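In: no sequence for this one, just the structure:
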């Protein structure tokens, strides 16, 4: 099922959160070799994992992590304005209805086929979360190869500046516009959610 | 180049309704960036892809004809190099990226003779689909517009996505209707790791005949005869990934 955490909402069970931080360590530290803090040798947690962050977590029935994403309000310090403002030609986007998508994480235990389903489900969940919470735009930083995939989801994207090579990786910043038309664009691009995971009733209660 | 100009050409690229429109838009984008030629293509000859493949370019006709006649889509060193990196690269740097054969060098020379000099290629890889790229090139002797390469990177990335939309290459094709069973997939995975039927039978605790049957049935689902083709097809459609094969 999909767990959503945002301020004022019912918290995500600890077990699900722990599994997410552990999965993030496996993906971003072990696999991608990012230089980010690790807690207790098991959990990837940084200074932006605070009460202001929103999380979307897809978990199996036992709370096992499948995929997750973190959303940071751009009115507060976030990654683009704190570390990579040079990726934006103008000032990094900052507004109450703009959130930065970070730590888009697909569990390493998934097979290629499962990865695609979980990825699609998470993308749809991001769009629906935005529509339900008055978010009109996401900002994101992506390595250039991943950027091609983000475009391929079919939603409307605009670069925020020219891509730059930073520490040997070419990075680009992107604005992703979400409106009532976005679900249709995603569907046309073949982004299909797993039927069982996005349960509208439980989400409404979350 | 400022973002205002870039937004202009991204709108040009995204606004197209036909392949001809996209060609015209790309010719205009080339001019804005300081290039003469572009090629927007899937690298499909490697795998006999069942769906139509993207191919748009404004290279000299003689060069394109020669390229097709020799079937260079299979072995084009520019394509091969674009499979080892995610970011755009200059052709002159290719020697640092992949081993170039004598034939590759001859081909680059021939391209030069046809008026194609140095170029910049933006790899485009969407998992589950054929790899592709967007190349920009100039005539021999004309330098690459160095300052424009980051903008060319964005133009190539967005142009490829625009082409995907036009070609409707947006849903995984192969295998989706009849996915392999988990057992078949396991057998193909071990075959891809170089194991023979007997070894696979020991690893998976099956009889050798059962392994052979799983692989034969997997071949039938993809309509191929050889296990090499089967492995390539499962990699192509995302049933297997390279990291599945190399992870132990």
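Out: Right, received. Where do you want to start? None of the values given here were measured: they were computed from a predicted structure. Numbering: from 1, shown residues only, chains lettered A, B, ... in the order given.

In: spell out which parts of chain A neighbour chain B.
Out: Applying C-beta under 8 Å from any C-beta of the partner chain, we find that chain A lies next to chain B at A:89-90, A:111-113, A:115-116, A:143-149, A:151-152, A:154, A:158-165, A:170, A:172, A:188-190. Every C-beta, even on glycine, is put in place using the N, C-alpha and C of the backbone.

In: just the buried ones from those residues?
Out: The neighbour count (16 or more other C-beta atoms under 10 Å in any protein chain shown) marks A:111-113, A:115-116, A:143-149, A:151-152, A:154, A:158-164, A:170, A:172, A:189-190 as buried among the residues of chain A next to chain B.

In: give me the subset of these lying in helices.
Out: Among those, the members found in helices (DSSP state H) are A:112-113, A:115-116, A:144-149, A:151-152.

In: what is the most widely separated pair among the residues you listed?
Out: Pairwise distances among those were taken by C-beta to C-beta; the largest, 25.4 Å, belongs to A:113 and A:144.

In: can you list the residue ranges for strands in chain B?
Out: Listed in chain order, the strands of chain B (DSSP state E) span residues B:37-42, B:55-57, B:89-90, B:119-124, B:132-137.

In: nearest to chain A: which residue in chain B?
Out: At 2.9 Å from chain A, residue B:86 is the closest residue in chain B, using C-beta to the nearest C-beta.

In: and for that residue, nearest residue in space, chain neighbours not counted?
Out: residue A:145 (2.9 Å; C-beta to C-beta, 6 or more residues apart in numbering or on different chains).

In: run through the residues that contact that neighbour.
Out: Counting by C-beta atoms under 8 Å, 6 or more residues apart in numbering or on different chains, residue A:145 makes contact with B:86-87, B:123, B:125.

In: is the residue of chain B closest to chain A in contact with residue A:142, as I believe?
Out: No. Counting by C-beta atoms under 8 Å, residue A:142 is not a contact partner of residue B:86; they are 10.3 Å apart.

In: between those two, which has more neighbouring residues?
Out: residue A:142 (21 against 17; other C-beta atoms under 10 Å in any protein chain shown).

In: the more buried one bridge partners, please.
Out: As for beta bridges, residue A:142 partners with residue A:172 under DSSP bridges.

In: surely residue A:136 is in contact with residue A:98?
Out: Yes. Counting by C-beta under 8 Å, residue A:136 touches residue A:98, with 7.1 Å between them.

In: those two: which has the busier surroundings?
Out: Higher neighbour count among residue A:136 and residue A:98: residue A:98, with 21 against 14, using other C-beta under 10 Å.

In: for the closest residue to residue B:140 other than its chain neighbours, give its distance to residue B:197.
Out: Excluding the flanking residues, the one nearest residue B:140 by C-beta to C-beta, 6+ apart is residue B:117, at 3.6 Å. Here the criterion is C-beta to C-beta, to the nearest Å. By it, residue B:117 lies 51 Å from residue B:197.

In: rewinding a little: can you pull the contacts of the residue of chain B closest to chain A?
Out: Per C-beta under 8 Å, 6+ apart, neighbours of residue B:86: A:143-146, A:170, B:123, B:125.

In: cool, and residue A:81?
Out: Taking C-beta under 8 Å, 6+ apart, we find residue A:81 in contact with A:74, A:91-92, A:94.

In: for the residues you listed, which two are the farthest from each other?
Out: Of all pairs drawn from these, the greatest distance, 10.5 Å, lies between A:74 and A:91 (C-beta to C-beta).

In: ok, these two, which is more surrounded?
Out: Per other C-beta under 10 Å, whichever of residue A:74 and residue A:91 has more neighbours is residue A:74, with 21 against 10.

In: the longest helix seen in chain B to strand B:119-124, inter-axis angle?
Out: For chain B, the helix with the greatest residue count under DSSP H is helix B:149-167. Following axes from the mean of the first three to the mean of the last three C-alpha atoms, to 10 degrees, one obtains 50 degrees for the angle between helix B:149-167 and strand B:119-124.
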